[in-house]
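Engineer: Predicted structure and sequence below. I'll ask about it afterward.
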Amino acid sequence: MVENKELIRVVEETVSRDDVKYVIGYKRGTYGFQIKPAFAYSAKDAKEFFYSPLCAKNLATYPLLEEKLPLRRGEEAEHKKIGIVVKGCDSRAIIQIIQEKGLEREDVVLIGIPCKGVIDPKKIAKRFPKQSKFVDVEENSNDEYVLEISGTSHKIPKDELLSDVCKSCEYPNPLLYDILIGEAEEEFQPEHFNRVDELEEKTIEERWEYWEKHFQNCIRCYACREACPLCYCKTCMADLLEPQWVRRSVNLSENTAWNVMRAFHLAGRCISCGECERACPVNIPLMELNKFVEKEVKEMFDYTAGLDTEEKPLLGSFRPDDPEDFIS
Amino acid sequence: MSTQKKTELEEFEPNIIGFLCNWCSYAGADLAGTSRIQYPPNVKIIKVMCSGRVNPMYIINAFQQGADGVLVSGCHPGDCHYTHGNYLARRRIATMKKLLEFLGIEPDRVRMTWVSAAEGRKYADVVREVTEDIKKLGPMTKFRREKEW
């Protein structure tokens, strides 16, 4: 369990460093189970930082969103670090970004938090709808979530609210960090992401029916792309007009093209934080695509994303003995 | 009704897009032509400089625009004019094929082969096989772009 006092103390210390510009963390939202990203520019901003199982958001997206204005003549770029509060999956996202040279290791100060899994905001909002005030959730030692709503306290088994991706998480502890808060979590046996297996057992026609139903709903808001820590291209292929890879009209054909493109571009890069699925307003099970690709890539090329900053990118490298049983 | 359906299936001529690399497969297709080898006319060839040039999105876009199958063909491993373009293509197409299969699109619709400049006969065989395969699968309409106004 992460002590908020300890977190605030570490954030204060980090922000006070001369070479740190700001620290990104979590703060309480205004209603329901929503949390907000918090940006601390000085020690007094750190007071509102907190951590609870509600903090699902992957903050690794933010350092890449920072606008870098063109420099005046004689002006030098500011080389200041950005502090980020990272869980296990977030640290893997940072590793993957560093591997792709999107960030330098020196650009970031990582405050690691050992994670016990986060709550799926969609699940908890369904269970306790229409909360007008912020409700904090704590985890007790019996694998239960404890929360208090208007005077009555509720105890809910962890399994019911835990995010699906967290059940199959293999790396709950940050792999890359400068400061670790609290004790590292014990390694636990991750469950298999069984939603993929269920789909694989179906026939090819049934699978298309399933995806057709979901892709038809897609409104192409690109929330999955915006939330994803690894979708950080300056110009996304979906936004290009010349050549136009995906047309802007919202119909099954273009929606399928977009969703295939998104899943393919995350092949060997997705670190399964589940942010795309959480962001999706029409509940497309995007993690099923990502997890499937992750599994296949591991089987075929023995490659796992986000473990080593020195690794070469999957689709930019090769081994002469890659499987080619599909080639005649 | 069933006989009518059968004749429809027999009459179906698949529309296949072939991405052939400039240095091996395209020359192989050329050889098949100059050697006067007979093969089905269903594969529409697009010449690319290397099989590594084939963005997997080309496959998706081909399906959107009315292709029933896609053939990607490059030099044999180790023979690439650009030393390793075909190795990169192999990984990409392998991943894309798996992804398409998971989405419920028959993986046989995407075919990858190695054809060298000397293998005119192999190219003709490949085209024959691909055409047969896709004839069996029937037209690909799963996410074809609707006719525009």
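Structural biologist: Okay, I see it. Residues are numbered from 1 along each chain as shown, chains lettered A, B, ... in the order given.
Engineer: just the helices in chain B please.
Structural biologist: Using DSSP state H, the helices of chain B run over B:2-11, B:25-34, B:56-64, B:85-103, B:120-137.
Engineer: tell me how far the fourth one is from the chain's mean position?
Structural biologist: If I follow you right, that is helix B:85-103. Remark: helix B:85-103 is offset 13 Å from the chain centroid, using Cα atoms, centre = their mean, to the nearest Å.
Engineer: so what does it touch, helix or strand wise?
Structural biologist: Helices and strands touching helix B:85-103, by 3 or more Cβ pairs under 8 Å, 6 or more residues apart in numbering or on different chains; DSSP states H and E, are helix A:204-217, helix A:252-265, helix A:286-301, helix B:56-64, strand B:69-74, strand B:110-114. (Glycine included, C-beta is placed from N, CA and C.)
Engineer: now the helices of chain B in TSV, with distance to A:Ala46, mean neighbour count and mean pLDDT?
Structural biologist: What follows is the helices of chain B, written out as TSV (distance: least, Cβ to Cβ, whole Å; neighbours: other Cβ atoms under 10 Å in any protein chain shown; pLDDT from 0 to 100):
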stretch	distance to A:Ala46	mean neighbour count	mean pLDDT
helix B:2-11	70	9	61
helix B:25-34	61	20	95
helix B:56-64	45	22	95
helix B:85-103	43	23	94
helix B:120-137	61	20	94
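Engineer: Enumerate every residue touching residue 108.
Structural biologist: The chain I'm using is chain A. Contacts for A:Val108 (Cβ atoms under 8 Å, 6 or more residues apart in numbering or on different chains) come out as A:63, A:81-84, A:94.
Engineer: think we crossed wires, I meant chain B
Structural biologist: If a contact means Cβ under 8 Å, 6+ apart, then B:Asp108 has B:69, B:133-134, B:137 as its contacts.
Engineer: how about JSON lines for those residues, with distance to chain A added?
Structural biologist: Listed next are the contacts of B:Asp108 as JSON lines, based on distance: Cβ to the nearest Cβ, whole Å:
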{"residue": "B:Gly69", "distance to chain A": "14"}
{"residue": "B:Asp133", "distance to chain A": "11"}
{"residue": "B:Ile134", "distance to chain A": "15"}
{"residue": "B:Leu137", "distance to chain A": "10"}
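Engineer: Near residue 143, how many other residues are there?
Structural biologist: Going with chain A. 12 (other Cβ atoms under 10 Å in any protein chain shown).
Engineer: other chain: chain B
Structural biologist: Neighbour tally, B:Phe143, other Cβ under 10 Å: 22.
Engineer: quick one: terminal-to-terminal distance for stretch A:298-311?
Structural biologist: 14 Å (Cα to Cα, to the nearest Å).
Engineer: and A:Phe292, what is it in contact with?
Structural biologist: A:Phe292 neighbours (Cβ under 8 Å, 6+ apart): A:196, A:199-200, B:98-99, B:102.
Engineer: Just the CA atoms of stretch B:94-104, as CSV, please.
Structural biologist: Output of stretch B:94-104 as CSV, limited to C-alpha atoms (Å, rounded to 0.1, in the frame of the first residue of the first chain):
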residue,chain,number,x,y,z
ALA,B,94,3.1,-12.5,-40.8
THR,B,95,1.8,-10.2,-38.1
MET,B,96,-0.9,-8.7,-40.4
LYS,B,97,-2.0,-12.2,-41.5
LYS,B,98,-2.5,-13.3,-37.9
LEU,B,99,-4.4,-10.1,-37.1
LEU,B,100,-6.7,-10.5,-40.0
GLU,B,101,-7.4,-14.1,-39.0
PHE,B,102,-8.3,-13.0,-35.5
LEU,B,103,-10.7,-10.4,-37.0
GLY,B,104,-12.4,-13.1,-39.0
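Engineer: What sits closest to A:Arg247 if chain neighbours are left out?
Structural biologist: What sits nearest to A:Arg247 in space, not counting adjacent residues and going by Cβ to Cβ, 6 or more residues apart in numbering or on different chains, is A:Glu254, at 5.0 Å.
Engineer: out of the contacts of A:Phe292, who's nearest A:Glu206?
Structural biologist: A:Leu199 (8.7 Å; Cβ to Cβ).
Engineer: Please list the residues outside the helix or strand that that closest one is a member of that contact it.
Structural biologist: Using DSSP states H and E, A:Leu199 sits within helix A:194-201. Helix A:194-201 has contacts (Cβ under 8 Å, 6+ apart) with A:164, A:207, A:210, A:285, A:287-288, A:291-292, A:295, B:102.
Engineer: Alright, calling it a day.
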